[in-house]
Structure formats: C-alpha cells, structure tokens
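Engineer: Sequence first, then the predicted structure, then my questions.
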Amino acid sequence: EITVDRIALPTTANVNINGVKITDPGTDRYVGFGLMAENGGKVSAKKNYIKVTNGSTAVAATGTNSVVDMSDGVVEYSGKGYALYAANGGNINMTNSKLILDGNAVGYEKDFLTTFPITTTGMTIHVKSNDVIIMNLRNAPGALNVSTISPTVTGWAGLSTAPTYDPGAANYKMAAIDGLSAYNIDQDLNKKAVANGTASANANTFVRNLAVQKAKVNLLSGKTVTATLNSTDLRKLGVSTVVGLDMNSSSTSTSRSDTQINLAAASKIIADRVDNGSGAVGVFINYGEANIDNGATINVEKSGINAANKAGVGVFSVNGSKVDNKGTINVGGESSIGVLGLAYRTDDKGTLKRNEFGAKPNAGDVVVVNNGKINLDGQKAVGIYIENNDSNKTAAHTIEATNEVNGVITMSGKKGIGMASKLGNLVNK
C-alpha cells in the first residue's frame with residue numbers, strides 16, 4: 001500500500017509523465033502511466049495533480065481489490081488510450097476530482113451489465129480536443145430520446161454536470177455507443193442552428209457530441225430534421241457532406257435489422273447544401289434498413305435557398321442494406337438519384353470497404369422496394385440506381401430493385417431515367 005496524499009491541491013501537475021512510443025514496426029502504441037495499482041495493491045493519492053502525455057493511460061487499477069484513490073485531485077491525459085482504466089476487480093476513486101482530456105483520449109469505459117468500477121461522485125470533466133471521447137458505453141440501458149438526451153447521457157457518464165470544453169473542441173464526443181434499441185427523434189432538429197451555436201443542449205448533443213452505431217433511429221410522426229448547410233457550417237460541425245440522418249452498423253451486429261432509420265408518417269427530412277458543392281443526402285444507411293412510411297417525406301436539394309447542386313441523393317444505402325419506401329422522396333439537381341443502392345461503400349480515398357463489419361448475413365446485397373413516390377426534376381437524374389460494385393465478381397449477392405404496383409417514379413428533367421442498374425435486377429410492376 002502506497003500513500004502520497006497532499007495537504008493542498010497544486011495548481012500545476014506535481015506528477016508529470018511523458019510516454020514513449022513502442023518502436024515495433026506497424027505499432028502505434030505508447031507506454032507510460034501516472035499511477036497504477038494491481039494484484040490487490042492500493043495507492044492513495046488524494047489532492048494530487050497527475051498529468052500524462054502520450055502514455056498508455058493516466059490512472060489504472062487492475063485485479064481484485066486494487067484501488068487508486070484520486071479524490072479531490074486532477075487527472076490530465078493526452079494520448080490515444082484511456083485516461084482512467086479499471087478492470088478485473090480494480091477500482092478508481094475520482095470523487096470531487098477533475099478529469100482533463102486532450103488529444104485522442106478516451107475518458108473511461110462503462111458497461112451497464114457490470115458494476116461501474118470508477119467512483120465519479122462530484123467529478124467534473126474539461127475537454128481540450130475535438131477528438132476526445134468521454135466514455136465508451138456498452139449495453140445502454142434503454143431508449144434514448146432527443147428531447148432529454150443531454151441530461152440522460154450526462155447521467156449515464158456518472159456526472160452531475162455536462163463537461164466544459166475549449167472553444168475549439170465543441171465537437172468532442174460525450175459517448176461512443178454501440179447499440180441502441182430505440183434512438184428516438186421526438187423533437188424538431190435544425191442542424192443549421194447547431195452550427196450557429198443557437199441550438200439547445202439536446203440538439204447539440206445529438207448532432208455534435210455522440211458517436212452512435214448499430215442503433216434503431218426513429219424519426220417520430222410530425223417531427224422534422226432540417227440540414228440546410230453551407231461549407232462554413234460543415235466545418236463547424238466537423239463533417240464534409242450535408243446529410244439529414246445517417247447510421248452505420250458495427251462488428252457486433254448479427255443482421256442488418258439491428259441498424260435502422262425509420263421515418264414515421266408525417267415526419268420529414270430536409271437536406272440541402274446551400275452553397276456550391278456536392279449535393280446533399282437525405283438518408284445514409286450502412287448495413288441496415290431504411291423504412292419510409294406512407295406520409296413521410298424526404299426533400300433533398302429542394303429548399304429554394306440556392307440553385308440545386310448536382311448529385312444529390314434521397315436515400316443512399318450500402319453494404320447489404322435494404323430500403324423500403326412507402327413515402328415521398330423528392331430530389332432536385334442534375335445527375336441526382338432518388339434511391340442509390342451499392343453493394344459496398346467506398347471511403348474518401350476510393351477504397352472499397354468490403355465486409356466492413358465482418359462476414360455478415362446479406363453483406364453486399366442491395367434490396368430496394370418502392371411502394372411510394374420518387375420525384376426528380378434534374379437533368380440526367382435517376383429514380384433508382386443499384387450496383388454490384390464488389391471487387392469479387394464471383395461472390396453471390398442479391399442486387400435487386402422493385403417498383404411495386406403502387407410505386408410511382410416521376411422524372412421531369414431532360415434525359416432522366418426511372419430505374420437503372422449495373423450487374424443487378426430491375427422489376428417494374
């Protein structure tokens with residue numbers, strides 16, 4: 001047992017550690033830590049200021065009955081690992097302490113199926129980088145509603161107040177969440193207001209401060225998501241493309257139905273790039289399902305704020321996703337597409353992301369079913385376009401788009417095409 005308690009908390013770090021990068025080829029890891037207890041060891045370091053830069057972790061406790069007590073102190077960490085790491089029966093006490101995060105730091109991990117091994121009573125957090133994640137959260141306890149999302153996630157993190165942050169770090173992530181059974185948009189959202197700094201804390205949290213994957217997103221009846229953004233807005237939000245709603249699956253998924261974007265009747269998405277650039281996307285889904293109910297509407301490049309940009313997309317589906325449209329999809333602009341389905345997505349360098357989440361059922365398939373209305377008015381636009389872009393041309397995939405009896409595709413621009421495919425099947429009933 002080690003005791004290094006102080007009478008008063010210093011204003012600068014009294015323990016300052018600079019980590020060392022491991023020199024093994026191809027390894028991007030660092031070693032070095034501030035305090036560590038293992039195998040039942042105990043470290044009492046009340047009112048200490050621990051600062052670790054480019055280390056593996058700042059404070060760690062591993063093994064049954066191992067404890068590090070950092071109460072009434074400060075832990076500052078800048079690196080690519082966890083600031084606080086407690087595992088296998090170890091515990092860390094951060095009562096009334098401050099956690100400062102910089103670089104690519106992750107504060108800590110919390111799994112709701114196990115006892116949380118970090119005491120956070122009275123703990124505060126300050127963030128100094130957009131690349132910080134406060135917590136990796138596993139097995140979230142239930143639905144997440146946008147109308148209460150900020151206090152809910154703050155509570156999940158074990159905090160009584162939301163983190164503070166430097167002016168250039170507004171896009172930090174409060175949580176990285178893998179799996180939500182219901183991610184409900186139960187209020188109107190305007191991404192322009194978030195970019196301008198006039199939105200509510202709940203809207204900010206949803207748009208800026210969460211990294212969620214494998215969730216079932218539900219845009220509830222009567223609610224509207226508006227994304228009428230220019231290049232300055234995109235830079236403020238830390239993104240490159242105007243998108244109404246998007247969701248990606250994860251390696252923990254078992255089927256594409258684990259990940260969904262569902263638009264209820266009378267809901268609406270408005271997506272428009274309001275300066276020059278690539279056209280907006282209404283919905284993006286990656287190994288999941290996009291379901292647009294009868295009475296729901298997606299409007300892309302149709303706001304009238306500026307001339308419609310080229311290459312807008314109503315619904316963009318990749319990696320085995322399925323699109324079921326019973327609503328109305330309106331897309332403006334030259335070379336735009338109502339529903340675009342690709343076997344796999346490509347990254348910003350043009351690299352095909354084959355089996356991005358592993359070898360999953362239906363991975364690489366394209367399924368599009370239209371029972372609603374798809375309207376495009378731009379030149380050279382396409383109502384539905386599907387493509388098998390798999391680099392393995394012998395792999396078996398279902399690549400099919402069906403315009404059902406009640407489906408209507410209206411092309412009012414010159415050289416428009418209702419349905420098109422590359423290495424896929426088209427059915428018009």
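Structural biologist: That came through, no problem. What you see is a predicted model; the values in this text were computed from it and never measured.
Engineer: Tell me which stretches of the stretch 51-200 of the chain form strands.
Structural biologist: Under the criterion DSSP state E, counting those that start in this stretch, the stretch 51-200 of the chain contains strands at 57-62, 67-69, 74-79, 82-87, 91-93, 98-103, 106-111, 118-119, 124-127, 133-138, 144-145, 164-165, 173-185, 189-190.
Engineer: Please produce CSV containing these, extended by distance to Lys353.
Structural biologist: C-beta here means a position set from N, CA and C on the backbone, and glycine is covered the same way. Below are those laid out as CSV (distance: least, CB to CB, whole Å):
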stretch, distance to Lys353
strand 57-62, 31
strand 67-69, 40
strand 74-79, 28
strand 82-87, 27
strand 91-93, 37
strand 98-103, 26
strand 106-111, 24
strand 118-119, 35
strand 124-127, 30
strand 133-138, 22
strand 144-145, 27
strand 164-165, 31
strand 173-185, 18
strand 189-190, 28
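Engineer: can you put these in TSV and add mean neighbour count, distance to Lys268 and mean pLDDT?
Structural biologist: Listed next are those as TSV, based on neighbours: other CB atoms under 10 Å; distance: least, CB to CB, whole Å; pLDDT from 0 to 100:
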stretch	mean neighbour count	distance to Lys268	mean pLDDT
strand 57-62	26	46	96
strand 67-69	24	51	98
strand 74-79	25	42	97
strand 82-87	23	41	97
strand 91-93	24	46	98
strand 98-103	22	37	98
strand 106-111	22	35	97
strand 118-119	22	42	98
strand 124-127	22	33	98
strand 133-138	22	30	96
strand 144-145	20	19	98
strand 164-165	16	32	98
strand 173-185	21	11	97
strand 189-190	20	11	98
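Engineer: Among the ones you listed, which comes closest to Ala395?
Structural biologist: Relative to Ala395, the nearest member of the strands of the stretch 51-200 of the chain by CB to CB is strand 173-185, separated by 27.0 Å.
Engineer: so the closest one versus strand 106-111, what angle?
Structural biologist: Interaxial angle of strand 173-185 relative to strand 106-111 (axes from the mean of the first three to the mean of the last three CA atoms, to 10 degrees): 50 degrees.
Engineer: partners of strand 173-185, with directions?
Structural biologist: Using DSSP bridges, the strands paired with strand 173-185 are strand 133-138 (parallel), strand 144-145 (parallel), strand 210-219 (parallel).
Engineer: can you give me the angle the first one makes with strand 82-87?
Structural biologist: In this case it means strand 133-138. Using the same axes, to 10 degrees: strand 133-138 against strand 82-87 is 30 degrees.
Engineer: Could you check the angle strand 133-138 makes with strand 98-103?
Structural biologist: Inter-element angle recorded for strand 133-138 and strand 98-103: 90 degrees (by the same axes, to 10 degrees).
Engineer: Show residues contacting strand 133-138.
Structural biologist: 101, 105-113, 125, 127, 156-157, 163, 172-179, 211 (CB atoms under 8 Å, 6 or more residues apart in numbering).
Engineer: try the shortest one
Structural biologist: When contacts are taken as CB under 8 Å, 6+ apart, the neighbours of strand 144-145 outside the stretch itself are Thr152, Val153, Leu180, Ala182, Tyr183, Asn184, Asp186.
Engineer: Now distance to Asn204 too, for those, in TSV please.
Structural biologist: Below are the contacts of strand 144-145 laid out as TSV (distance: CB to CB, whole Å):
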residue	distance to Asn204
Thr152	14
Val153	11
Leu180	18
Ala182	21
Tyr183	16
Asn184	17
Asp186	16
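Engineer: give me the low-pLDDT residue ranges for the chain?
Structural biologist: Residues of the chain meeting the criterion pLDDT under 70: 22-30.
Engineer: okay, the strands paired with strand 173-185 in JSON lines with distance to Arg235 next?
Structural biologist: Rendered in JSON lines, the data for the strands paired with strand 173-185 read as follows (distance: least, CB to CB, whole Å):
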{"stretch": "strand 133-138", "distance to Arg235": "21"}
{"stretch": "strand 144-145", "distance to Arg235": "27"}
{"stretch": "strand 210-219", "distance to Arg235": "19"}
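Engineer: what's the closest of these to Ala359?
Structural biologist: Nearest of the strands paired with strand 173-185 to Ala359, taken as CB to CB: strand 210-219 at 16.5 Å.
Engineer: Show me what Ala175 bridges to in the sheet.
Structural biologist: Beta-bridge partners of Ala175, as defined by DSSP bridges: Met135, Leu210.
Engineer: Go ahead and confirm it touches Thr205.
Structural biologist: No - here Ala175 lies out of contact with Thr205, judged by CB atoms under 8 Å, at a distance of 9.3 Å.
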